[in-house]
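Undergrad: Got a sequence here, can you model it:
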Amino acid sequence: MDFGKVDSLENIDFTLPPDAPGTASLLKKSKSKKKPEVFVGCAKWGRKDWVGKIYPEKTKEADFLQHYARHFNCIELNATFYRMPTQKQVEGWRAKVGAGFQFCPKFTDQISHYRRLKDAEELTERFLEGVSAFKDTLGPIFLQLPPNFTPKNFDALKSYLEALPKDIEVFTELRSPKWFLEENFENVFSMMEGNKIGSIITDASGRRDCVHMRLTTPVAFIRFVGNGLHPTDYTRVDDWVQRIKRWMLQGIERVYFFMHQHEEIYSPELSRYVIQQLNKVCGTKIPEPKFVGD
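TA: Okay, here's the model as predicted:
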């Protein structure tokens, strides 16, 4: 993942900002009495360089997902961004995971980047029909908007989100810096909250504005972009674990934490550290990934 990649990490302030005002009021209003569920996963399973690391030696590519699901309880499914999913394809993926696993598919780029949410009804219907085959393994679906989708497109975003079926869980990732300016910020996030659309928080080195800390539903969806196991990766994770602990005390319902690296070969190591710290600090009981040779 190249989003937010920088040449030097020396002058970056990785401190997590305080929660946006709307976050505290939202959690107070919708405080859950149930113990929150926490999901940790990566962005893809098709990594040949994980053979001999978390996949056994000589594992065939067709078996990667089956082995991935033994280590993680969710996947941020980017494959559906590049190709419209079919029910047959989705049923094949679903058959390879166990109970409790969640797929979090991304809306196809035909909808978000080519049609830019306009005249996309038929495409959206096809997409939702395809991912419906995930059944009980379907987690939140996320809509990633391109950097040139700005507040000028607010009406298109609002109309599209309002027209989505109410029985699916949708999260939106905003990438244009203009959304995070004071004059636009609360307008778009309040609209998402009013429509029960989640807001994705993306923590990338070169885009600190995307660490907006504004929840719009009592569910957190975090996309963390590391830097090849640099020491700051671990201190950043530590800060996130503390923030998640605070949200858990405030009554958050669920947390999704997806690991990205500019070199994805390192995602399993940092994901394991995330799980270890969540279990230690937050009292979760998420199974740790097992590395070959452990």
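
Undergrad: going forward, measure contacts and count neighbours with C-alpha atoms only.
TA: Will do.

Undergrad: Quick one: mean pLDDT over the helix ranked longest in the chain.
TA: Longest helix of the chain, by residue count under DSSP state H: helix 231-250. In this model, helix 231-250 has a mean pLDDT of 97.

Undergrad: what are the ranges of the helices in the protein?
TA: Using DSSP H, helices in the chain cover 21-29, 64-68, 79-82, 87-94, 109, 121-131, 154-163, 182-194, 231-250, 267-282.

Undergrad: Mean neighbour count and distance to residue 217 for those helices - can I get that in TSV?
TA: Formatted as TSV, those follow (neighbours: other Cα atoms under 10 Å; distance: least, Cα to Cα, whole Å):
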stretch	mean neighbour count	distance to residue 217
helix 21-29	15	7
helix 64-68	20	29
helix 79-82	17	23
helix 87-94	16	27
helix 109	20	24
helix 121-131	17	21
helix 154-163	15	14
helix 182-194	15	6
helix 231-250	17	12
helix 267-282	19	21
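
Undergrad: returning to what we had before: orientation of the longest helix of the chain relative to helix 21-29 in degrees?
TA: 40 degrees (axes from the mean of the first three to the mean of the last three Cα atoms, to 10 degrees).

Undergrad: one step back: closest to residue 7 out of the helices of the chain?
TA: Proximity to residue 7, assessed across those by Cα to Cα, is greatest for helix 231-250 (14.5 Å).

Undergrad: can I get the CA coordinates of the closest one in PDB?
TA: C-alpha atoms of helix 231-250 as PDB (Å, rounded to 0.1, in the frame of the first residue of the first chain):
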ATOM      1  CA  PRO A 231      10.400   1.300  15.700                       C
ATOM      2  CA  THR A 232       7.600   3.900  15.300                       C
ATOM      3  CA  ASP A 233       5.300   1.100  14.000                       C
ATOM      4  CA  TYR A 234       5.300  -0.400  17.500                       C
ATOM      5  CA  THR A 235       4.900   2.900  19.400                       C
ATOM      6  CA  ARG A 236       2.000   3.900  17.100                       C
ATOM      7  CA  VAL A 237       0.400   0.500  17.700                       C
ATOM      8  CA  ASP A 238       0.800   1.100  21.500                       C
ATOM      9  CA  ASP A 239      -1.000   4.400  21.200                       C
ATOM     10  CA  TRP A 240      -3.800   2.800  19.200                       C
ATOM     11  CA  VAL A 241      -4.200   0.100  21.800                       C
ATOM     12  CA  GLN A 242      -4.600   2.700  24.500                       C
ATOM     13  CA  ARG A 243      -7.200   4.600  22.500                       C
ATOM     14  CA  ILE A 244      -9.100   1.400  21.800                       C
ATOM     15  CA  LYS A 245      -9.100   0.600  25.500                       C
ATOM     16  CA  ARG A 246     -10.600   4.000  26.200                       C
ATOM     17  CA  TRP A 247     -13.300   3.500  23.600                       C
ATOM     18  CA  MET A 248     -14.100   0.100  25.100                       C
ATOM     19  CA  LEU A 249     -14.600   1.700  28.500                       C
ATOM     20  CA  GLN A 250     -16.900   4.300  26.700                       C
END
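
Undergrad: so how many other residues sit close to residue 151?
TA: Counted with other Cα atoms under 10 Å, the neighbours of residue 151 add up to 20.

Undergrad: residue contacts, it?
TA: Residues near residue 151 by Cα atoms under 8 Å, 6 or more residues apart in numbering: 178, 179, 184.

Undergrad: change it to 10 Å
TA: Contacts for residue 151 (Cα atoms under 10 Å, 6 or more residues apart in numbering) come out as 157, 174, 176, 177, 178, 179, 180, 181, 184, 185, 187, 188.

Undergrad: Can you add distance to residue 241 and pLDDT and give those residues back as JSON lines?
TA: Formatted as JSON lines, those follow (distance: Cα to Cα, whole Å; pLDDT from 0 to 100):
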{"residue": "157", "distance to residue 241": "32", "pLDDT": "98"}
{"residue": "174", "distance to residue 241": "23", "pLDDT": "98"}
{"residue": "176", "distance to residue 241": "27", "pLDDT": "98"}
{"residue": "177", "distance to residue 241": "26", "pLDDT": "97"}
{"residue": "178", "distance to residue 241": "28", "pLDDT": "98"}
{"residue": "179", "distance to residue 241": "26", "pLDDT": "98"}
{"residue": "180", "distance to residue 241": "24", "pLDDT": "98"}
{"residue": "181", "distance to residue 241": "27", "pLDDT": "97"}
{"residue": "184", "distance to residue 241": "29", "pLDDT": "97"}
{"residue": "185", "distance to residue 241": "25", "pLDDT": "97"}
{"residue": "187", "distance to residue 241": "29", "pLDDT": "97"}
{"residue": "188", "distance to residue 241": "27", "pLDDT": "98"}
